[in-house]
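In: sequence and computational prediction follow.
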Amino acid sequence: PYTHAELAAKVAAKLTDSRFQHCLRVEQTSRELAAENGVDPELAGITGLLHDYAKQRSDDTFIKLIKTRGLDPALLNYGNGVWHGVVGAELIKDELHIYNEDILTAVRLHTVGAPYMPKLAQIVFMADFIEPNRNFPGVDEARRVTQKSLAAGVRYQIQHTLAYLVSQGAPVYPQTLATYNAWVGGVN
Ligand code: DGI
Ligand code: FE
Ligand code: FE
Ligand code: FE
């Protein structure tokens with residue numbers, strides 16, 4: 001059990017300052033969304049702070065973890081965008097000795113989502129998308145929708161992300177597509 005200052009220092013040590021500042025904003029936005037949605041703001045804040053902990057590790061680090069931890073071999077066809085959350089959770093266990101599955105699940109799902117997302121995972125997923133420095137066409141609409149309904153925010157984001165990936169000709173990780181189908185198809 002770290003103090004906030006200790007945990008923040010450990011995160012800061014592994015990230016550039018601008019990426020660390022993003023993590024602090026996601027922490028704050030996660031706290032706010034948690035308070036509005038009946039989730040423990042402390043837990044949400046810690047998870048937001050940690051969500052991009054592994055963002056700046058080498059491809060080689062992730063490739064080794066995928067191979068040695070029995071993770072989905074299809075992950076090897078993707079890159080840092082997908083790996084830093086799904087695989088990055090392994091580094092949070094190894095280096096920070098944080099094993100809380102609610103936290104780890106939210107980190108794993110923060111980029112690609114999942115057909116079923118616990119509320120904490122929805123909160124960090126949305127906080128990452130709408131934190132105050134985010135500035136893309138549609139972000140104000142995303143903020144509005146998320147205030148009204150967390151689930152509507154998740155739906156909005158996954159539509160936006162899938163459209164973006166397709167527009168870039170980027171490969172879509174199957175779990176990202178499954179998230180889209182579940183949330184936009186009306187299962188949630
Ligand atoms: O880490 P952040 O920049 O704060 O944000 P993020 O974790 O939500 O997204 C990281 C990147 O991952 C973003 O550029 C979009 C990309 N991404 C999300 N889903 C997929 C993906 N990239 C590929 N190739 N396939 C996906 O399914
Ligand atoms: Fe991320
Ligand atoms: Fe995100
Ligand atoms: Fe992020």
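Out: Great, that's in hand. Numbers count the residues shown, from 1 in each chain. Ligands and ions are numbered 1, 2, ... in the order given.

In: I'd assumed Lys119 was in contact with Leu150.
Out: Yes: counting by Cβ atoms under 8 Å, Lys119 is a contact partner of Leu150 at 7.1 Å. (C-beta placed from N, C-alpha, C; glycine too.)

In: next, show the common contact partners of those two.
Out: Common contacts of Leu150 and Lys119, defined by Cβ atoms under 8 Å, 6 or more residues apart in numbering, comprise Asn37.

In: so between the two, which is more surrounded?
Out: Leu150 (21 against 16; other Cβ atoms under 10 Å).

In: who's in contact with that one?
Out: Residues in contact with Leu150 (Cβ under 8 Å, 6+ apart) are 33, 37, 119, 122-123, 126.

In: most neighbours, which of the residues you listed?
Out: Going by other Cβ under 10 Å, Ile123 tops those with 32 neighbours.

In: that one contacts Glu36, doesn't it?
Out: No: using Cβ under 8 Å, Ile123 makes no contact with Glu36, being 9.2 Å away.

In: count the residues that sit near Asn135.
Out: Neighbourhood size, Asn135 [other Cβ under 10 Å]: 7.

In: oops, could you answer that again for Thr16 instead?
Out: Using other Cβ under 10 Å: Thr16 sits among 11 other residues.

In: now swap in Ala170 and tell me
Out: Around Ala170 there are 12 residues (other Cβ under 10 Å).

In: from Ile123, how far out is it?
Out: As judged by Cβ to Cβ, to the nearest Å, Ala170 and Ile123 stand 26 Å apart.

In: isn't Arg108 right up against Gly85?
Out: Yes: with contact taken as Cβ under 8 Å, Arg108 and Gly85 are classed as touching, separated by 5.7 Å.
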